[in-house]
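Chemist: predicted coordinates and the sequence they were generated for:
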Amino acid sequence: MIQDVLILGGGTAGFFMAASLKTHHPSLRVQLVRSPGIGIIGVGEGSTPDLLNFIHGHLRIPPAEFYRAVKPSLKLGIKFLWGKEDYNFSFTSALRQRLGQSDMPIGFVCDEALTDVDLATSLMAQDKVFLRSPDGPWPRVQSIIGYHIENAELVAWLETLAAKLGVEVIDGDVATVEQAAGEVRALHLRDGQRLPADFFVDASGFRAELIGKALGTPFISYADSLFCDKAVVGGWERGAEPILPYTIAETMDAGWAWQIEHPTRINRGYVYSSKFITDAEAEAEFRRKNPKVGPTRIVPFVSGRYAHQWVGNVFALGNAAGFVEPLEATSLLCIANECRILTMAFREGGLRNNHTMREHADRYCGRLWDEIRDFLAVHYRFNKRLDTPFWRHCREHTALHGAQKIVDFYRENGPTFCVEVELLKPAQSIFQLQGFWLKLVAMGVPHARSERAGPALREEWVRTQAKNKAMAATGLTVAESLRCFHDPRWSWAAGFYKDEV
Ligand SMILES: Cc1cc2nc3c(=O)[nH]c(=O)nc-3n(C[C@H](O)[C@H](O)[C@H](O)COP(=O)(O)OP(=O)(O)OC[C@H]3O[C@@H](n4cnc5c(N)ncnc54)[C@H](O)[C@@H]3O)c2cc1C
C-alpha cells in the first residue's frame with residue numbers, strides 16, 4: 001500500500017499534484033522537493049474552463065479566496081488573428097447549435113469571422129465577458145470561462161495552500177536517483193540527504209529528471225506537426241488599455257504571438273521556429289509589433305511527450321511529461337487532468353500501484369497529448385494569412401496525424417455531427433468534433449456541401465445573430481465583473497463549480 005509520496009518539482013504541476021493528493025487522501029504523507037536555484041518556468045498563464053472546475057471543484061477552493069489571492073483575469077476564449085478573417089473561438093459549443101426547426105448544424109451557414117454565432121462570441125466581439133443581471137449591476141456568471149493568471153502569483157498561493165494541507169516542502173537539488181528492480185527507491189540531494197518514498201511524482205519541468213533522465217523513457221517528438229521551438233516573451237504594465245475578455249493569438253512571420261491579459265499587466269510572447277528566423281529577428285519583429293514591451297527573454301522548448309507517463313512507481317506530469325506551445329492554452333488543462341487521474345487511480349485502486357490501472361491511466365494521458373498535437377496541426381496546415389517561407393512550409397508539410405480522417409470527412413460532408421462517435425469519441429475528447437469544425441469553418445477550408453442551407457435558413461440565421469449581438473451589447477466588461485467579484489456584497493452560489501472525478 002502506498003503511504004509516502006515524494007513529488008520532485010515545485011512549479012504549478014508539483015504543487016497542484018500535492019494539493020490534489022492531500023485533499024483527497026489526507027492520510028498520505030506527501031513531500032515535495034524543489035530547487036530554489038533552478039526555480040520555476042515563470043510562463044504559463046492562459047487556461048481553459050477545466051482549470052476552474054479543477055481548482056474550485058476538485059480542490060474545493062472557494063472562488064472568493066482565489067480571486068483575493070491570485071487576482072486572475074477572465075477569458076471567454078481566444079481571438080485568432082489567423083486565416084482570412086480574425087475569428088472568435090469561445091469555450092462554448094457554438095457549432096453544435098441547430099438552425100431553427102431544422103436539424104442542420106449552424107456550421108453550414110457561419111461565415112469565417114464566427115461573430116455572433118452564440119452569446120459568448122457576441123460578448124467577445126464587444127469586449128464584454130458576462131451578460132448583465134436583471135436584478136442590478138451584477139454579472140450573470142456562467143462557468144464556461146477560463147482564467148488568465150500570473151504564474152509566479154499562482155505558485156506562491158499554491159505553496160501556502162500546500163502548507164495548510166500538510167505537504168512537507170524541502171528545498172534542495174536532486175543529484176542522483178536510487179533505483180532497484182525497475183523502480184525508484186529514493187532521491188539523493190546534493191547536500192547528502194536521502195529521501196525515500198513508496199511512490200514518486202516527476203514534476204521537474206523540462207528537465208524530466210525521473211521519467212526521462214533516470215528511467216530513460218523514450219520521447220515521442222511532435223516535430224513533424226509543430227515546427228516552433230522557441231518563444232520570446234515580454235510585457236508591460238497596463239495603462240489605459242481595457243482588459244480584454246480573451247487571449248489573442250496573432251499570426252507572425254515565423255510563428256504566432258499571444259497576448260494575455262492581467263488586471264495590471266499585459267503579457268506577450270512570440271512562438272517561432274528557429275529554422276526560419278533568428279532570435280534577433282524574432283525579437284525585432286516582436287518589438288516592432290509591441291513597442292511598449294519591456295525586457296524580453298527567450299525560452300527554448302521541444303514539442304512532444306514521453307511514451308509513458310506512469311512507469312513503475314513514477315508518474316510524470318506538467319512539462320516533465322510533455323509540452324506543446326500554448327496556442328490553445330492546454331498545459332494547465334493537462335496538469336489538471338493528470339492530477340485528477342492519479343488521485344482517482346489511488347482512490348479506486350485502494351492506494352495500490354496495480355498494473356491495469358497504471359496501463360490504462362498512462363494510455364489516457366498519452367491520448368490527451370496526441371489530440372492536442374492533432375488539433376494544433378490543423379491550425380498550422382490551413383492558416384493562409386501570411387505568405388512567408390514559414391507559413392508556406394506549414395501549409396505544405398504539417399502532418400495531421402489523427403486529424404487527417406476528420407479533415408477528409410469534413411471536405412466531403414461539411415460540419416455535420418452524424419458519425420461523431422466514430423470520428424472522435426466525445427467522452428474522450430478535449431476539443432470535441434465541434435472544435436475541429438469550428439477551426440475548419442473559421443479558416444475557410446472548403447467542403448462539398450456549402451450549398452446545403454437554403455435562403456430561408458440563411459435569413460433565419462442572420463436574425464439569430466442580430467439577437468445575440470443585441471443581448472451582448474448590454475453585457476459587463478472584465479474590469480466591471482472583477483470589481484463585482486471583489487465587492488463584499490457579492491457571493492458565489494454553493495456548488496457552482498463541480499468536481500468531475
Ligand atoms: C513559452 C511558454 C508559454 C507557456 N504558456 C502557457 C499558457 O499560456 N498556458 C498554459 O497552461 N501553459 C503554458 N505554458 C506551460 C507552463 O510552463 C506550464 O503550464 C506550467 O507552468 C507547468 O510547469 P511545471 O510545473 O511543469 O514546470 P516548472 O515551472 O519548470 O517547475 C519545475 C520544478 O522542478 C524543480 N526541479 C527541476 N529539476 C530539479 C532538481 N534536479 N532538483 C530539485 N528540483 C528540481 C524546479 O526547481 C521547479 O520547482 C507555457 C510554457 C512556455 C515554455
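Modeler: Now that the structure is in, tell me what you want to look at. Values in this document were obtained by computation on a predicted structure and should not be read as measured data.

Chemist: residue numbers of the protein in contact with the ligand?
Modeler: For the chain, the contact set with the ligand under Cβ under 6 Å from any ligand atom comprises 8-14, 33-35, 38-41, 43-47, 151, 173-174, 203-205, 207, 209, 231, 233, 269, 299, 301, 318-320, 326, 329, 331-332. C-betas here are computed from N, CA, C, even on glycine.

Chemist: now the residues you listed: which count as buried?
Modeler: Among these, those scoring as buried are 8-14, 33-35, 40-41, 43-47, 151, 174, 203-205, 207, 209, 231, 233, 269, 301, 318-320, 326, 329, 331-332 (criterion: 16 or more other Cβ atoms under 10 Å).

Chemist: which residues touch the closest residue to the ligand within the stretch 301-450 of the chain?
Modeler: Nearest residue of the stretch 301-450 of the chain to the ligand (Cβ to the nearest ligand atom) works out as Gly318 at 2.5 Å. Shown in contact with Gly318 (Cβ atoms under 8 Å, 6 or more residues apart in numbering): Gly9, Gly11, Thr12, Ala13, Gly14, Ala203, Gly205, Ser331, Cys334, Ile335, Glu338.

Chemist: 10 Å instead?
Modeler: Neighbouring residues of Gly318 by Cβ atoms under 10 Å, 6 or more residues apart in numbering: 9, 11-14, 16-17, 41, 44, 201-206, 208, 331-332, 334-335, 338-339.

Chemist: distance check, the residue lying closest to it once chain neighbours are set aside against Thr330.
Modeler: Distances taken as Cβ to Cβ, 6 or more residues apart in numbering place Ala13 nearest to Gly318, at 2.6 Å, with adjacent residues excluded. Look at Ala13 and Thr330: by Cβ to Cβ, to the nearest Å, they are 13 Å apart.

Chemist: so what's the spatially most central residue of the chain closest to, chain neighbours aside?
Modeler: Nearest to the geometric centre of the chain sits Thr330, at 2.0 Å (Cα atoms, centre = their mean). Nearest non-adjacent residue to Thr330, counting by Cβ to Cβ, 6+ apart: Ile372, 5.0 Å away.

Chemist: tell me how many other residues surround that neighbour.
Modeler: Ile372 has 25 neighbours, counted by other Cβ atoms under 10 Å.

Chemist: do the same with Glu459
Modeler: Glu459 has 11 neighbouring residues, counting by other Cβ under 10 Å.

Chemist: tell me the SS of it?
Modeler: Three-state call for Glu459 (DSSP: H, G, I helix; E, B strand; the rest coil): helix.

Chemist: okay but the residue nearest to Gly318 is in contact with Asn319, surely?
Modeler: Yes: with contact defined as Cβ atoms under 10 Å, Ala13 reaches Asn319; the gap is 6.9 Å.

Chemist: check contacts around Arg185.
Modeler: By Cβ under 10 Å, 6+ apart, the contact set of Arg185 is Val177, Glu178, Gln179, Arg194, Pro196, Ala197, Asp198, Phe200, Asn313.

Chemist: what is the nearest of these to Trp82?
Modeler: When these are compared for distance to Trp82 (Cβ to Cβ), Phe200 comes out closest, at 40.6 Å.

Chemist: what residues sit buried inside stretch 276-295?
Modeler: Buried, per 16+ other Cβ under 10 Å, within stretch 276-295: Phe276, Ile277, Ala282, Glu283, Glu285, Phe286, Asn290, Val293.

Chemist: check stretch 151-161 too.
Modeler: The neighbour-count check on stretch 151-161 (16+ other Cβ under 10 Å) flags Asn151, Leu154, Val155, Trp157, Leu158, Glu159, Leu161 as buried.

Chemist: got the contact list for the fourth one?
Modeler: The reference is to Trp157. Neighbour list for Trp157: Phe15, Ile61, Glu65, Phe66, Arg68, Ala69, Val70, Lys71, Ile149 [criterion: Cβ under 10 Å, 6+ apart].

Chemist: host element of it?
Modeler: Under the criterion of DSSP states H and E, Trp157 resides in helix 151-165.

Chemist: CA atoms only: put that helix into CSV for me.
Modeler: The C-alpha trace of helix 151-165 is given here as CSV (Å, rounded to 0.1, in the frame of the first residue of the first chain):
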residue,chain,number,x,y,z
ASN,A,151,2.5,32.0,-12.9
ALA,A,152,4.5,33.4,-10.0
GLU,A,153,1.4,34.5,-8.1
LEU,A,154,-0.3,31.2,-8.7
VAL,A,155,2.7,29.2,-7.5
ALA,A,156,3.1,31.4,-4.4
TRP,A,157,-0.5,30.9,-3.5
LEU,A,158,-0.2,27.1,-4.2
GLU,A,159,2.6,27.0,-1.7
THR,A,160,0.5,28.4,1.1
LEU,A,161,-2.3,26.0,0.2
ALA,A,162,0.1,23.1,0.3
ALA,A,163,1.3,24.1,3.7
LYS,A,164,-2.3,24.3,5.0
LEU,A,165,-2.9,20.8,3.7
